[in-house]
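K.L.:
Requesting a structural model of the entry that follows:
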Amino acid sequence: MKISKRGIDLIKSFEGLRLTAYKPVKTEKNWTIGYGHCSPCIREGMMISQKLADEYLNEDLQKFEQGINAYNLKVNQNQFDALVSFAFNVGLKNFANSTLLRKVKLGANNPAIRDEFMRWVYSGGNKLSGLERRRKAEADLYFS
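P.N.:
Residues are numbered from 1 along each chain as shown. Okay, the predicted model is just below:
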């Protein structure tokens, strides 16, 4: 499967567009640019165009689509989009080790999956309202 426009729009809305490199968290070792594109090649002060930000996003999305598709999950388009957005934010390794994935494998329509999205609202031990909003939007998309 491939992520739909609806899924891409969800990711863009939460990642935001930054054409100048930034560190999302001061303790982060890598710089980020565009729509949450993270790479050791990005340096402080680096600037990119909108076109390059879109190219980075498309490359990143392919990686996350492949990562989700590797599990051969029996999900619909909205569910797939929500899982790609989730993995885009938390990383494929965290997704692979999540109870969320285990529950989706057991049954994609299990209502307890909503609770699993909502467990991922912490960063550095602190509950973040931005992550709460994102997880709610992902869960709402998943169950729409």
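K.L.:
contacting residues around the longest strand anywhere in the chain?
P.N.:
For the chain, the strand with the greatest residue count under DSSP state E is strand 18-22. Contacts of strand 18-22 with the rest of the structure, by Cβ atoms under 8 Å, 6 or more residues apart in numbering, involve 31-34, 42-50, 53. Quick note: C-beta positions are derived from backbone N, CA and C, even for glycine.
K.L.:
6 Å instead?
P.N.:
31-33, 42, 44, 46-48 (Cβ atoms under 6 Å, 6 or more residues apart in numbering).
K.L.:
looking at the residues you listed, which has the most residues close by?
P.N.:
Taking other Cβ atoms under 10 Å as the neighbour criterion, I33 ranks highest of these with 23 neighbours.
K.L.:
end-to-end on stretch 14-33?
P.N.:
14 Å (Cα to Cα, to the nearest Å).
K.L.:
Please state the offset of it from the chain centre?
P.N.:
Offset of stretch 14-33 from its chain centre (Cα atoms, centre = their mean, to the nearest Å): 14 Å.
K.L.:
before we move on, what about stretch 135-142?
P.N.:
That offset, for stretch 135-142, works out to 12 Å (Cα atoms, centre = their mean).
K.L.:
show me the contacts for the spatially closest residue to R6 that is not a sequence neighbour.
P.N.:
When the adjacent residues along the chain are set aside, R6 lies closest to D81, with 6.0 Å between them (Cβ to Cβ, 6 or more residues apart in numbering). Residues near D81 by Cβ under 6 Å, 6+ apart: 3-4, 7, 141.
K.L.:
Between those residues, which sits nearest D60?
P.N.:
Relative to D60, the closest of the contacts of D81 is I3; by Cβ to Cβ it sits at 10.6 Å.
K.L.:
Count the residues that sit near that closest one.
P.N.:
Neighbour count of I3, defined by other Cβ under 10 Å: 22.
K.L.:
Kind regards, and thank you for your time.
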